[in-house]
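S.K.: Predicted structure and sequence below. I'll ask about it afterward.
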Amino acid sequence: MNPRVFWGASAIAGALLLLALIAPNTSDLIFGRAQAWVIDTFGWLYVAAVAGFLGAVVWLAAGPTGRLKLGPDDAEPDFPYLSWLAMLFAAGMGIGLMYFAVAEPVQHYIAPPEEVPGTVKAAREAMVITFTHWGVHAWAIYAVVGLSLAYFAHRKGLPLTMRSGLYPLLGRRINGPIGDAVDIFAICGTLFGIATSLGLGVAQMAAGLDYVFGIPNTVLIQVGLIVAVMGVATLSVLSGVDKGVRRLSELNLILAVCLMLFVLFAGPTLFLMRALVQNFGLYLDHFFVRTFTLYAYEPRAWMANWTLFYWAWWIAWSPFVGMFIARISRGRTVREF
């Protein structure tokens, strides 16, 4: 344990938590205004940065660097391919994908940014936007962080921490106060990313329990769900990546595939297959337009509430996901990664 990093990050998290507990309305106002200022001032930078991340990872994968192994040249992958994919799926998207796969298209259909609500055009736009928010852009953000960590950890022997990814810029200074500040910042970003994902997930689970079993959706139930989810996660981590995390991820992927197949065959199967093909084509057709859309000429709150929120969420989530996928990707090539 690095005491400076641990206590520094704990102090920041504790102060924010204390503020939220003591003055929830005031903290809500402060956080809301801070978020609005960041989005309004730097929204263009989020969009440009994510587009740049995507271009960078495509270039790295397609070029000669794609053959480079994350580890010694003779290293073999630590995990079988399907286990590796299961852990990527669980760490990268997880419950957010389960929730928003249904909720987001419905919300865009009801309140689309451009089309008339409740129309066929609104349905098409809703699916394109959902594909964009949960498509390759998010993984490009993760890949930039994860690849930098995997390269310096597995090929250069540096510690698997966020500071190691900045070694070309900072050199040995990563071992001093600047490196500590980087790790503190990464821990806070990870904590806020987890809070968002867990908050949305617990809200979904509590509402589901209320709807299906009649269990009242109270604060006590939500706290209990948080404790249960964090307990299972902690046990899986304590049992090690090779056992608990791997097995839990594999179970998670199996359940997700079973749910997908159930929806496919129990629902309107032919319509779903046709829609899948058409929606994917629309996603490709609108790819560059949606990548760079900012509504600069017709500003609207929708952009801050959705696309910019997502890009900020993925970036906040990237230290945790990047570090995890770097940890499990030893022996993979850059192109595979």
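M.R.: Nice, thanks for sending it over.

S.K.: can you pull the contacts of the residue most central in space within the chain?
M.R.: With distances taken as Cα atoms, centre = their mean, residue 314 lies nearest the centre of the chain, 4.3 Å away. Listed by Cβ atoms under 8 Å, 6 or more residues apart in numbering, the contact set of residue 314 reads 50, 137, 138, 141, 142. Placement of C-beta: from N, CA and C, glycine included.

S.K.: next one: phi and psi at it?
M.R.: Note on residue 314: its backbone torsions stand at phi -60, psi -40 [degrees, to the nearest 10].

S.K.: Kindly indicate which of the contacts of residue 314 lies nearest residue 290.
M.R.: Nearest to residue 290 among those: residue 137, at 9.0 Å, using Cβ to Cβ.

S.K.: That closest one belongs to a helix?
M.R.: Yes - under DSSP: H, G, I helix; E, B strand; the rest coil, residue 137 falls within a helix.

S.K.: nearest spatial neighbour of it, skipping sequence neighbours?
M.R.: Counting by Cβ to Cβ, 6 or more residues apart in numbering, residue 50 is the residue found nearest to residue 137 once chain neighbours are left out, at 5.3 Å.

S.K.: so how far is residue 88 from the one you found?
M.R.: 19 Å (Cβ to Cβ, to the nearest Å).

S.K.: would you list the contacts of residue 314 in a markdown table and tack on pLDDT, neighbour count and distance to residue 77?
M.R.: Output for the contacts of residue 314, formatted as a markdown table (pLDDT from 0 to 100; neighbours: other Cβ atoms under 10 Å; distance: Cβ to Cβ, whole Å):
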| residue | pLDDT | neighbour count | distance to residue 77 |
| --- | --- | --- | --- |
| 50 | 97 | 23 | 28 |
| 137 | 95 | 21 | 26 |
| 138 | 92 | 26 | 23 |
| 141 | 95 | 26 | 23 |
| 142 | 94 | 26 | 18 |
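
S.K.: so which of the residues you listed comes closest to residue 207?
M.R.: Distance ranking of the contacts of residue 314 against residue 207, using Cβ to Cβ, places residue 138 first at 24.5 Å.

S.K.: How about the contacts made by that closest one?
M.R.: Taking Cβ under 8 Å, 6+ apart as the criterion, residue 138 is in contact with 92, 93, 310, 314.

S.K.: how about 6 Å then?
M.R.: By Cβ atoms under 6 Å, 6 or more residues apart in numbering, the contact list for residue 138 reads residue 314.

S.K.: now residue 291
M.R.: So residue 291 contacts residue 51 (Cβ under 6 Å, 6+ apart).

S.K.: same question, residue 112
M.R.: Counting by Cβ under 6 Å, 6+ apart, residue 112 has contacts 122, 125.

S.K.: Which pLDDT value belongs to it?
M.R.: Looking at residue 112, its pLDDT is 94.

S.K.: Same question for residue 337.
M.R.: Listed pLDDT for residue 337 reads 94.

S.K.: Next one: it from residue 81, what distance?
M.R.: Distance of residue 337 to residue 81, computed by Cβ to Cβ: 12 Å.
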